[in-house]
Each structure stands twice: as C-alpha cells, then as structure tokens.
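# Structure, please.
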Amino acid sequence: MTRAATVYCFALMIAASTISVRAQTSQGGFETMAQPNEDQSECKAPRPPKDLAETAYIRNGYRAILRIMAAKKWQETGSCDCFFDTIEWDKVLEASEEYRVSDDEKRPFDTSELRELADRLLVERDAACGS
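Numbers count the residues shown, from 1 in each chain. Predicted structure coming up:
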C-alpha cells in the first residue's frame with residue numbers, strides 16, 4: 001500500500017468514527033446548545049421570561065426573589081404546597097425593590113446573597129416537608 005493510500009484509509013477511518021460519535025450523541029446525548037425544558041413535576045422555581053429583564057444577572061435575581069417569596073409563603077402558611085406557580089412575575093418585580101442594594105441598573109441587587117437566602121429558607125422548608 002502506498003503512503004497516499006495509507007493516509008486516505010486513515011482519513012476514512014477518522015471520518016467514520018466522527019460519524020459514529022455524532023450518531024451516538026444524537027440518540028439522547030448532547031445535540032444542541034438549546035436549554036432543555038424544565039421538568040415542573042417537582043417543586044422548582046421556573047426561569048424568568050427573557051423579556052422580564054435585559055440581563056441574565058437581573059433575571060437570576062428575580063428568580064431568587066421568587067424563591068424567597070415562595071419560602072416566606074411556606075413559613076406563613078405551614079403548607080408544603082409548591083408556591084412557585086401561584087406567585088406572578090409582576091409581584092416579584094414589586095418585591096424586588098425591597099432587595100435593591102444599588103442604584104446601578106445593571107446590578108440592582110446582590111444576586112449571590114439573594115440566592116443564598118433563598119437556599120437557606122428552602123432547605124428549612126424541604127426539611128420540614130420531607131422533600
């Protein structure tokens with residue numbers, strides 16, 4: 001076999017393995033950069049709509065505020081119901097003023113701090129509700 005034929009055979013083997021990998025990943029693996037739909041069967045805060053805020057940083061803050069509001073509703077009622085679907089985004093926007101730490105429109109709140117507070121409150125809820 002000549003050197004050119006060997007290189008050609010090697011190139012065919014690489015192409016075949018690439019096609020095989022692509023076929024495997026399209027059967028339930030990584031196919032696209034699109035975000036998967038969230039499973040709402042468990043009690044999990046939904047992602048805010050993209051038109052709610054210009055940046056993901058602010059939307060993440062709104063999501064954390066929604067989580068805090070749901071946890072506070074649990075504290076008030078003692079109910080283990082999932083409250084995420086009962087709180088409207090406009091109520092979250094109203095409540096966000098309470099959590100504002102800056103006049104900077106791009107970073108009006110400390111999203112990390114909000115997330116930590118939400119996590120602490122929801123851990124208490126999960127412990128009490130056994131979920």
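
# name the helices or strands packed onto the helix or strand where residue 126 lies?
Counting by DSSP states H and E, the secondary-structure element that holds residue 126 is helix 111-129. For helix 111-129, the elements it packs on are helix 56-77, judged by 3 or more Cβ pairs under 8 Å, 6 or more residues apart in numbering; DSSP states H and E. Any C-beta I mention is one placed from the backbone N, CA and C, and that applies to glycine too.

# Try it again at 10 Å.
The contact analysis (3 or more Cβ pairs under 10 Å, 6 or more residues apart in numbering; DSSP states H and E) places helix 111-129 against helix 56-77, helix 89-99.

# now the angle between helix 56-77 and that helix, please.
Using axes from the mean of the first three to the mean of the last three Cα atoms, to 10 degrees, the inter-axis angle of helix 111-129 relative to helix 56-77 is 30 degrees.

# still on that earlier bit, I'd like the helices and strands packed on helix 111-129 as TSV, with mean neighbour count, distance to residue 109 and mean pLDDT appended.
What follows is the helices and strands packed on helix 111-129, written out as TSV (neighbours: other Cβ atoms under 10 Å; distance: least, Cβ to Cβ, whole Å; pLDDT from 0 to 100):
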stretch	mean neighbour count	distance to residue 109	mean pLDDT
helix 56-77	19	5	95
helix 89-99	14	5	95
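
# and those helices as JSON lines, adding distance to residue 45?
Putting those into JSON lines (distance: least, Cβ to Cβ, whole Å) gives the following:
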{"stretch": "helix 56-77", "distance to residue 45": "5"}
{"stretch": "helix 89-99", "distance to residue 45": "10"}
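
# hmm, who's touching the helix holding residue 126?
For helix 111-129, the surrounding residues in contact (Cβ atoms under 10 Å, 6 or more residues apart in numbering) are 43, 45, 56-75, 78-83, 96, 99, 101, 110, 131.

# now do 7 Å
Contacts of helix 111-129 from elsewhere in the structure, counted by Cβ atoms under 7 Å, 6 or more residues apart in numbering, are 57, 60, 61, 64, 65, 67, 68, 71, 74, 80, 99.
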